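> Take this sequence and fold it.
(one chain, ligands or ions: 1)
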Amino acid sequence: MLRITREGGLALWTVDRPHRRNAMDWATMETFARAVEEACADPTLRVVILTGAEGAFLSGADLYELSSYRTEADGRRLSTLMGEALRRMETAPWISIAAINGPARGGGAEVALACDLRVMAEDADLAFVQITWALPPGWGGGQRLRRRVGLGRAMELLLTARRIGASEALQLGLVERIAPAGQALAVARALAEEILQWDAEAVRAVKALLREGEEMPYEAALAAERERFARLWAAPAHWAAKARFLNRRSM
Ligand SMILES: CC[C@H](C(=O)O)C(=O)SCCNC(=O)CCNC(=O)[C@H](O)C(C)(C)COP(=O)(O)OP(=O)(O)OC[C@H]1O[C@@H](n2cnc3c(N)ncnc32)[C@H](O)[C@@H]1OP(=O)(O)O
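Next comes the predicted model:
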């Protein structure tokens, strides 16, 4: 069950399976993948906050449901469905914010890493527990972790499955903001408002240049950034902002 609510340019996506600490069953994964695609076709959507119901973030895949899907093809379906949906979210024109309001385990930790930004409650924790199930990460969390914390730390976190508390997550660069217990969603909303105040095209350009730059050689990424700057330099929103400053004394 994925509950979606909309408030202007902001959408709130809540995985609502508290009886399973918000583990994702097939239906929830398919709904999530569809929601990502539909959101990418909605030019009015600017920020998506993703969270879990009732004090847990996401507990990964639903271990009960998946216990009857044992073939390699089932594993490929599981890794492909969510792996591709998370990659689509990374390249989406809207900003994704994970409000980590409780335990994020396994695939749940991978979903958090695939978001553009993360707000973590001080009493929440992350754990990449796949190894405890005799598995590597399946939803892209290994590559995202390595890029974010480096090879050695990624290896340590994946091979120990240890819990990462909020202060360590912030120190490792795994999350961008810490919230008081019970306030992850409120702090994520405040972060969303900080982003929504800016010109939509400029926000999209910042995400695009940072995301595409991850896949480019340095010189090409610098050139792409310069091009995006040049295009928005001529945009009306830029000159309207400048006019407000230049004419502020006469306003
Ligand atoms: C690529 C996906 C990846 C993979 O397939 O490799 C995965 O994500 S596999 C799943 C990885 N997730 C886990 O291993 C997390 C397991 N759960 C826990 O560690 C805890 O439940 C925790 C920390 C999330 C919450 O602990 P708490 O003490 O608050 O609650 P309980 O443990 O009592 O759980 C309550 C209730 O929820 C059920 N539950 C929790 N997680 C899952 C899950 N992933 N799938 C199915 N069900 C889950 C738990 O079994 C309890 O229900 P009950 O009916 O009492 O069994």
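> Low-confidence ranges, the chain, go.
For the chain, the stretches with pLDDT under 70 are 251.
> now the helices for it?
Ranges of helices in the chain, per DSSP state H, are 26-40, 63-66, 72-90, 107-114, 141-149, 151-160, 166-172, 184-196, 200-214, 218-233, 236-246.
> wait, what's in contact with Asp74?
By CB atoms under 8 Å, 6 or more residues apart in numbering, the residues touching Asp74 are Leu66. Every C-beta, even on glycine, is put in place using the N, C-alpha and C of the backbone.
> same thing but at 10 Å, please
When contacts are counted by CB atoms under 10 Å, 6 or more residues apart in numbering, Asp74 touches 66, 68.
> can you check the one 5 residues further on too?
Remark: with contacts taken as CB under 10 Å, 6+ apart, Ser79 is in contact with 61, 107, 135-140.
> what do you get for Trp239?
Going by CB under 10 Å, 6+ apart, Trp239 touches 233, 246.
> measure it to the ligand for me?
According to CB to the nearest ligand atom, to the nearest Å, Trp239 stands 47 Å off from the ligand.
> Also Arg88?
17 Å.
> That residue is in contact with Ala39, isn't it?
Yes. Here Arg88 reaches Ala39: they are 9.3 Å apart, a contact under CB atoms under 10 Å.
> neighbour count winner among the two?
Higher neighbour count among Arg88 and Ala39: Ala39, with 19 against 15, using other CB atoms under 10 Å.
> Go through the helices of the chain and pick out the most buried.
For the helices of the chain, the largest average neighbour count (mean count of other CB atoms under 10 Å) is found in helix 107-114, namely a mean of 28.
> which helices and strands does that helix pack with?
If contacts are counted by 3 or more CB pairs under 10 Å, 6 or more residues apart in numbering; DSSP states H and E, helix 107-114 sits against strand 47-52, helix 72-90, strand 95-100, strand 104-105, strand 117-121, strand 125-127, helix 141-149.
> and the residue of the stretch 101-250 of the chain at minimum distance from the ligand, what does it touch?
Going by CB to the nearest ligand atom, the ligand is nearest to Gly106 of the stretch 101-250 of the chain, at 2.7 Å. For Gly106, the contact set (CB under 10 Å, 6+ apart) comprises 23, 58-61, 63, 126-133, 135, 137-139, 141, 161.
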